[in-house]
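Trainee: My questions concern the predicted model and sequence given below.
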Amino acid sequence: MKEFNTPILLIVFNRADTARLVLNEIRKIRPSQLFIAADGSRLDKNEGKACDEARQLAEEVDWPCEIKTNFLKENLGPRLAIGKFVDWFFDNVESGIIFEHDCLPNPSFFYLCEELLEKYKDDERIMHISGNFFQRKKIGEADYYFSQIPHIWGWATWRRAWQKYDVNMTDWPDNKNIVKKISKKWFNQQKWLYILQKVYEGRANTWDYQWTYAMLKNNGLAVNPNYNLVTNIGFGPGAVHSLDPDDKFAKLPLNKVNFPVVHPEKIIKNQSADDYICHHNFKFNLLKVLIKNCGIDLHKIFRK
């Protein structure tokens with residue numbers, strides 16, 4: 001096995017069981033640099049022991065490796081913690097691969113990232129490499145296609161791209177029309193704009209819509225594979241957001257990419273693929289969003 005020198009960030013929390021499975025896949029390629037980060041436990045959840053067990057996975061790294069840890073004492077929540085950890089990662093490296101504790105990769109994903117991080121390292125148009133395939137059929141003849149929608153269950157990027165990220169979306173008021181113009185073909189555009197507005201207002205405990213916004217306003221592209229290379233194994237009661245174990249996206253079958261990689265002939269987004277994702281992946285339930293992310297007290301409303 002050749003030496004694997006692409007740095008990896010593993011973000012754990014309160015699920016040592018799923019995080020260990022992810023670490024076991026990382027062990028197979030024995031990266032020379034591994035970063036492990038963890039948010040602090042939530043005081044109202046009695047999860048201190050579970051969080052400690054997840055952090056102890058750092059002691060199970062049993063191959064020659066430079067390992068760095070960033071374990072927070074207090075809980076920041078996904079909105080602030082994930083961005084903080086990725087900031088820390090790119091304070092130390094130029095490019096790398098990021099996994100949360102419930103994102104289980106096929107080994108070929110590591111090598112695809114390694115190749116594409118090098119291939120597109122100086123191409124400002126490319127901001128994101130994903131491990132997820134949510135299409136109904138293969139897009140084109142290559143092993144991946146270009147999209148404006150980044151999937152984040154196992155992903156990779158560069159410091160130069162992540163520098164465009166702002167968790168608070170400070171310039172959202174100045175860029176609403178730009179984003180609206182870019183997303184005009186999306187059938188649920190108004191719902192996208194609604195969610196981005198709520199994220200800007202700080203009323204959604206999430207980090208990933210801010211990354212989508214950074215890509216949209218910078219006309220960035222994501223590399224999305226034509227095979228599902230990472231599956232989410234965290235759906236269920238122990239999850240922070242993905243609570244339904246029967247969700248259609250839970251534990252999607254893993255596939256692999258064969259080498260040498262077949263690259264697209266042109267760097268251009270596939271509009272039909274993005275249309276499909278918007279229709280089938282992002283059917284926003286606004287009531288659900290209000291309840292979960294925006295702190296709306298429905299009992300209080302109906303009492304009025």
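Mentor: Perfect, I can see it now.
Trainee: Give me the distance between residue 105 and residue 201.
Mentor: Applying Cβ to Cβ, to the nearest Å, the value for residue 105 to residue 201 is 34 Å. C-beta: built from backbone N, CA, C; applies to glycine.
Trainee: wait, what's in contact with residue 95?
Mentor: Contact partners of residue 95, counting by Cβ atoms under 8 Å, 6 or more residues apart in numbering, are 6-7, 117, 121, 156-159.
Trainee: The residues you listed in strands, which ones?
Mentor: If you go by DSSP state E, the contacts of residue 95 have 156-158 in strands.
Trainee: Any stretches of the stretch 151-300 of the chain with poor pLDDT?
Mentor: Applying pLDDT under 70 to the stretch 151-300 of the chain flags residues 182-188, 235-247, 249-250, 282-300.
Trainee: which of the ones in strands among the contacts of residue 95 count as buried?
Mentor: Among these, those buried by neighbour count (16 or more other Cβ atoms under 10 Å) are 156-158.
Trainee: Dump those residues to JSON lines, plus distance to residue 251.
Mentor: Supplementary listing: these in JSON lines, determined by distance: Cβ to Cβ, whole Å:
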{"residue": "156", "distance to residue 251": "22"}
{"residue": "157", "distance to residue 251": "25"}
{"residue": "158", "distance to residue 251": "30"}
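Trainee: Looking at the residues you listed, which is nearest residue 17?
Mentor: residue 156 (24.7 Å; Cβ to Cβ).
Trainee: what's near enough to touch residue 98?
Mentor: Residue 98 makes contacts with 8-9, 11, 86, 89, 154-157, as judged by Cβ under 8 Å, 6+ apart.
Trainee: switch the cut-off to 10 Å
Mentor: 7-11, 35, 37, 82, 85-86, 89-90, 113, 152, 154-157, 162 (Cβ atoms under 10 Å, 6 or more residues apart in numbering).
Trainee: ok, and it, which helix or strand is that part of?
Mentor: When secondary structure is defined using DSSP states H and E, the element that contains residue 98 is strand 95-100.
Trainee: now that strand: mean pLDDT?
Mentor: In this model, strand 95-100 has an average pLDDT of 98.
Trainee: would you list every one of the helices in the stretch 201-304 of the chain?
Mentor: 208-217, 271-280, 286-293, 298-303 (DSSP state H, counting those that start in this stretch).
Trainee: hmm, I was thinking of the stretch 1-150 of the chain
Mentor: Counting by DSSP H, counting those that start in this stretch, residue ranges of the helices within the stretch 1-150 of the chain are 16-29, 48-55, 78-92, 107-119.
Trainee: between the third one and helix 208-217, how big is the angle?
Mentor: Here helix 78-92 runs at 60 degrees with respect to helix 208-217, directions being taken by axes from the mean of the first three to the mean of the last three Cα atoms, to 10 degrees.
Trainee: now the closest residue to residue 223 other than its chain neighbours: how far from residue 161?
Mentor: Nearest-residue entry for residue 223: residue 129, 4.6 Å, with adjacent residues in sequence omitted and distances by Cβ to Cβ, 6 or more residues apart in numbering. Using Cβ to Cβ, one gets 10 Å for the distance from residue 129 to residue 161.
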